[in-house]
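[1] I'll drop the sequence and a predicted model, then ask my questions.
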Number of protein chains: 4
Amino acid sequence: MAEPRRLRAPVFEIGLKGYLYGAEAVSLAQAADQVSAELGVSIVFDPQAVDIPAVARATEHLFVFAQHMDPVTPGRGVGAVLAEALKAAGADGAMLNHSERRMTLADIDRAIGRAREVGLATLVYADSPEEAGALALFRPDIILAEPPDLIATAHSAATEMRGFVERSIELVGRIDPAIIVMSAAGVQTPADVAAMIRLGVGGTGSSSGILRAADPVAMMRSMIGAMHDAWLELHPERIKA
Amino acid sequence: MAEPRRLRAPVFEIGLKGYLYGAEAVSLAQAADQVSAELGVSIVFDPQAVDIPAVARATEHLFVFAQHMDPVTPGRGVGAVLAEALKAAGADGAMLNHSERRMTLADIDRAIGRAREVGLATLVYADSPEEAGALALFRPDIILAEPPDLIATAHSAATEMRGFVERSIELVGRIDPAIIVMSAAGVQTPADVAAMIRLGVGGTGSSSGILRAADPVAMMRSMIGAMHDAWLELHPERIKA
Amino acid sequence: MAEPRRLRAPVFEIGLKGYLYGAEAVSLAQAADQVSAELGVSIVFDPQAVDIPAVARATEHLFVFAQHMDPVTPGRGVGAVLAEALKAAGADGAMLNHSERRMTLADIDRAIGRAREVGLATLVYADSPEEAGALALFRPDIILAEPPDLIATAHSAATEMRGFVERSIELVGRIDPAIIVMSAAGVQTPADVAAMIRLGVGGTGSSSGILRAADPVAMMRSMIGAMHDAWLELHPERIKA
Amino acid sequence: MAEPRRLRAPVFEIGLKGYLYGAEAVSLAQAADQVSAELGVSIVFDPQAVDIPAVARATEHLFVFAQHMDPVTPGRGVGAVLAEALKAAGADGAMLNHSERRMTLADIDRAIGRAREVGLATLVYADSPEEAGALALFRPDIILAEPPDLIATAHSAATEMRGFVERSIELVGRIDPAIIVMSAAGVQTPADVAAMIRLGVGGTGSSSGILRAADPVAMMRSMIGAMHDAWLELHPERIKA
């Protein structure tokens, strides 16, 4: 990481959760790193905290994100994930407020501030267009808006989500159009990925869709390929390898 | 770690919290590793999760503990600290229920079970002798009982704590005498360490007393030396280098 | 409440949760009060906090419990349920650590202490026999042990729960045999109630089984009648109307 | 409450927390009710949940608010404060996200929605101007913005808070100028109240400043009198008795 890289749309998030760890997480990261290089898309990869150093060392193009970060400063805070420690370990950013790890409003506010202080990017989850707009006030890099009921289900959210996504983009855009608005609810197949991109988002992602696939690396490649192609249709000028 | 090591009294816990991370945490760990080898005492060292792999690689004698672990199983659980991932990263155990990271009773119960399943040791915090006795039912390796008001203050708990410690040892011993009972509240100096050991505990520890000392490595050495000497007075047969 | 009443086995708990409130909660309480008088069984009735005063005024025999209480003392604590305020409002006790409202070990410890200070009884939930035994150290009046997976399902826990219940009773009894051990998981019918009592518990209860019945008052009467009859079979000397 | 009343600036919030309960809470409420009638100012009064029915019955002009409300719907949710139950008990609204009772962003979003569904007003706390702006997206009736460090201290926030308050008002006003913006940090005297109003807020309040005063009723009267007078200076047309 000799020079600062910038997250830019389209972004694909690979949500490892607790599905994969250790050597297998590093292998998937390396495969994703190659895809990122080939297709010129930003990939956010979020392993278990203990796997961040190995993933950061083994990859060049990925944006390695912690799955959670706390708003603490150096000092007390047993078990709290410290911004400075993530940065020193090679992380590029942190996810905040995922539906499986809710944060209070005050902690989101402060955690985004802490990330900015140490040079980490942030991807914050929102449950509604209004939450997406609200989060924009704190200027994270990415807001990922998805209806909580659709997460981790087999239904593609694409068909029922047009209104949700459009309103999220509009409310965030009013506050700060530079923030990337993503959505990912229910993405299980490459077709889901393409449908999501066509809704106008700046990125999408998958967790169980990749991690529980028969061949996670192949599924990851297919999904990111589908994102790349759908993006090119809409924004032919915006990607170069 | 070619062969399984066992935690045995006296145990000294070095509580890194968010005071130290990255290369400095590894340096302190290496110094502590040497002290452990020299004096034959078990040292629990608990860095930030992202620093566990480097600390585990750089040391041989330390018991490397996560500051927190969640009761999740592989799969969902964004931001949750997974037992299997800790184990794969080289951790030897996990701290649970510290006063800065409280857990529900159900989560403590399940987290100790998860640690046992994957071969991690556990050190669980208690606020009262009754809590210490209660935790013994779950069979952790270590229970660290300390009155919450004394933590991280400059007052040595030793003088006012005899009754607290004795009752903690008694209640835990009734359930399972193999569990090591530690206490550490307010330990700021080597004299505090010796006084605590003389109360009859199976170990003690320090966080800010070491990390905020002018020379943390020297303070760590002095404290563990004081523990070793006080222990030898009481249990001359129990330590060999 | 001219004279102090004591909870004694068999106890039936009517778990209102958020199913019923206001005038309907008072009506059900009055019907339960009559059943308590007729059959001589202790009934724990736990309405929404705002309904405690009206339920306490409208009944004579019920033990009116708050659904939750916090370990705070008078003073700060916005939104915290204060022991003194419950007592002044006519409550007889408080439920703690229900699976829908988990508490930390430290808060359970302190909340039971606070309840005792102001003269409130406590009913604490446990997920496992070991948790039941652990909670006994804090000397609540009642421990309600139930496997979390069975709660609010239609399956009676009775058939698969013999071992769970027997071990809970044994572990609690070792610490303090005066504590009433209840279990209630999955109780949906009067037959479930009887089967649960025959496992040897000191009481049982139901929430959705009553509140979602076509006729909640009739179901409540039938269930408590079934408890009374099953109890008489086992302990012919222990109930008088 | 034969006809709907509307909260309108200036609003004074009397934060009971756990300082006062039972008959004393009702007495203070009655005194405040009289002040509200005399001066024509909206007073938000927030007792312990169990005291809401008695306070609501004993007063006519106060806006009786719960100290906390959960985003649950009728049904499950032991210990959760249900909107419908508050409404049936006579509450006019609910406070949300106080610094002593933080809520997740998702829960704030949903709780405000639930309050609206049943006809309860909402007062939501913010720690920063950005949080105030963010909360405006959810359209609560009142946003009370205060720097967390100043709460419950003896320092009037007025001198150092001009920038904080002005930016809060601006950010909220951009989203929805109908939302009342209050601030209350550190208000301990009538002079603090007047200084706060002169910063341009739509209301203020006090908790320990009133409840720990030698004569809480007199202090409450003086503070609200000071608010009324300071408000008249700035907005001579806006109050009528």
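    Okay, I see it. Numbering: from 1, shown residues only, chains lettered A, B, ... in the order given.
[2] part of a strand, is A:I210?
    No. Read with DSSP: H, G, I helix; E, B strand; the rest coil, A:I210 is helix and lies in no strand.
[3] my guess is it contacts A:R221. True?
    No. With contact defined as Cβ atoms under 8 Å, A:I210 does not count as touching A:R221 (9.8 Å). To be clear about C-beta, it is placed using only N, CA and C from the backbone, and glycine gets the same treatment.
[4] between the two, which is the more surrounded one?
    Neighbour totals were compared for A:I210 and A:R221, and A:I210 leads with 28 against 19 (other Cβ atoms under 10 Å in any protein chain shown).
[5] contacts only, for the more buried one.
    Residues in contact with A:I210, defined by Cβ atoms under 8 Å, 6 or more residues apart in numbering or on different chains, are A:I14, A:P216, A:M219, A:M220, A:M223.
[6] any idea what the first one is bridged to?
    To tie it back to what came earlier, the one meant is A:I14. Applying DSSP bridges to A:I14 gives these bridge partners: A:F45, A:S206.
[7] and it, how far from A:F45?
    5 Å (Cβ to Cβ, to the nearest Å).
[8] between the two, which contacts overlap?
    Common neighbours of A:I14 and A:F45, using Cβ under 8 Å, 6+ apart, are A:A32.
[9] for chain A, what spans make up the helices?
    For chain A, the helices defined by DSSP state H occupy A:23-39, A:52-58, A:83-88, A:105-118, A:129-136, A:162-175, A:190-198, A:208-211, A:216-234.
[10] between helix A:23-39 and the longest one, find me the angle.
    Okay, so that is helix A:216-234. 30 degrees (axes from the mean of the first three to the mean of the last three Cα atoms, to 10 degrees).
[11] what's in contact with helix A:216-234?
    A:9-10, A:12, A:14, A:20, A:27-28, A:31-32, A:35, A:39-41, A:43, A:187, A:189-191, A:193-194, A:197-198, A:200, A:203-204, A:206, A:209-210, A:213, A:238-239.
[12] and the average pLDDT for it is what?
    For helix A:216-234, mean pLDDT is 97.
[13] hey, C-alpha coordinates of it in PDB?
    Written as PDB, here are the backbone C-alpha positions of helix A:216-234 (Å, rounded to 0.1, in the frame of the first residue of the first chain):
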ATOM      1  CA  PRO A 216     -17.300 -19.900  -2.900                       C
ATOM      2  CA  VAL A 217     -14.400 -18.600  -5.100                       C
ATOM      3  CA  ALA A 218     -16.400 -19.300  -8.300                       C
ATOM      4  CA  MET A 219     -19.500 -17.700  -6.900                       C
ATOM      5  CA  MET A 220     -17.500 -14.700  -5.800                       C
ATOM      6  CA  ARG A 221     -16.000 -14.300  -9.300                       C
ATOM      7  CA  SER A 222     -19.400 -14.700 -11.000                       C
ATOM      8  CA  MET A 223     -21.100 -12.200  -8.700                       C
ATOM      9  CA  ILE A 224     -18.400  -9.600  -9.100                       C
ATOM     10  CA  GLY A 225     -18.300 -10.200 -12.800                       C
ATOM     11  CA  ALA A 226     -22.000  -9.700 -12.900                       C
ATOM     12  CA  MET A 227     -21.600  -6.400 -11.000                       C
ATOM     13  CA  HIS A 228     -18.900  -5.300 -13.400                       C
ATOM     14  CA  ASP A 229     -21.000  -6.000 -16.400                       C
ATOM     15  CA  ALA A 230     -24.200  -4.400 -15.100                       C
ATOM     16  CA  TRP A 231     -22.200  -1.400 -14.100                       C
ATOM     17  CA  LEU A 232     -20.700  -1.000 -17.500                       C
ATOM     18  CA  GLU A 233     -24.100  -1.000 -19.100                       C
ATOM     19  CA  LEU A 234     -25.100   1.900 -16.900                       C
END
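[14] for that helix, buried residues please.
    Residues A:216-217, A:219-228, A:230-231 are the ones in helix A:216-234 that count as buried (16 or more other Cβ atoms under 10 Å in any protein chain shown).
[15] now swap in stretch A:103-117 and tell me
    A:103-116.
[16] before we move on, what about stretch A:130-148?
    Using 16+ other Cβ under 10 Å as the test for burial, stretch A:130-148 gives A:130-138, A:140-147.
[17] close to chain D, is it?
    Yes. Part of stretch A:130-148 sits near chain D under the criterion Cβ under 8 Å from any Cβ of the partner chain, namely A:E130, A:E131, A:G133, A:A134, A:L135, A:L137, A:F138, A:P148.
[18] my guess is the last one contacts A:D127. True?
    Spelled out, that is A:P148. Yes. Between A:P148 and A:D127 a contact is recorded at 5.1 Å, counting by Cβ under 8 Å.
[19] and the residues of stretch A:130-148 next to chain D, which two are the farthest apart?
    Farthest pair in those (Cβ to Cβ) is A:L137 and A:P148. Separation: 21.1 Å.
[20] so where is chain A shaky, pLDDT-wise?
    A:1-4, A:150-160, A:238-241 (pLDDT under 70).
[21] who's in contact with the closest residue to A:A134 other than its chain neighbours?
    Among residues not flanking A:A134 along the chain, D:A134 sits closest, at 3.6 Å (Cβ to Cβ, 6 or more residues apart in numbering or on different chains). Each residue near D:A134 by Cβ under 8 Å, 6+ apart is listed here: A:L105, A:D109, A:G133, A:A134, A:L135, A:L137, A:F138, D:A126.
[22] pick the one among these closest to C:G163.
    Relative to C:G163, the closest of the contacts of D:A134 is A:L105; by Cβ to Cβ it sits at 45.1 Å.
[23] against D:G79, how distant is the nearest residue to the closest one once chain neighbours are set aside?
    Sequence neighbours aside, D:L105 is the residue nearest to A:L105 in space, at 5.0 Å (criterion: Cβ to Cβ, 6+ apart). For D:L105, the distance to D:G79 (Cβ to Cβ) stands at 21 Å.
[24] can you report phi and psi for the nearest residue to A:D70 once chain neighbours are set aside?
    Closest residue in space to A:D70, ignoring its immediate chain neighbours: A:A80 at 3.9 Å, by Cβ to Cβ, 6+ apart. The phi/psi pair for A:A80 (degrees, to the nearest 10) reads phi -80, psi 140.
[25] so how many other residues sit close to A:A80?
    22.
[26] repeat that for A:T73.
    Neighbours around A:T73, by other Cβ under 10 Å: 15.
[27] so A:Y19 sits right up against A:S208, yeah?
    Yes. The criterion here is Cβ under 8 Å, and A:Y19 meets it with A:S208 at 7.3 Å.
[28] which neighbours do these two share?
    Residues touching both A:Y19 and A:S208 (Cβ under 8 Å, 6+ apart) are B:R76.
[29] quick one: the residue lying closest to A:L144 once chain neighbours are set aside from A:V44, how far?
    Of all residues not flanking A:L144 in the chain, A:M182 sits nearest, at 4.3 Å (Cβ to Cβ, 6+ apart). Using Cβ to Cβ, A:M182 is found at 9 Å from A:V44.
[30] overlap in contacts of the two?
    Common neighbours of A:M182 and A:V44, using Cβ under 8 Å, 6+ apart, are A:V11, A:E13, A:L123, A:I142, A:G205.
[31] can you list the contacts of D:A134 in TSV and add distance to B:A89?
    Shown next, in TSV, are these (distance: Cβ to Cβ, whole Å):
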residue	distance to B:A89
A:L105	32
A:D109	31
A:G133	39
A:A134	36
A:L135	32
A:L137	37
A:F138	32
D:A126	39
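[32] gap between the residue lying closest to A:E170 once chain neighbours are set aside and A:I179?
    The shortest distance from A:E170 to any non-neighbouring residue, by Cβ to Cβ, 6+ apart, is to A:P129 (7.6 Å). With distances taken as Cβ to Cβ, A:P129 is found 13 Å from A:I179.
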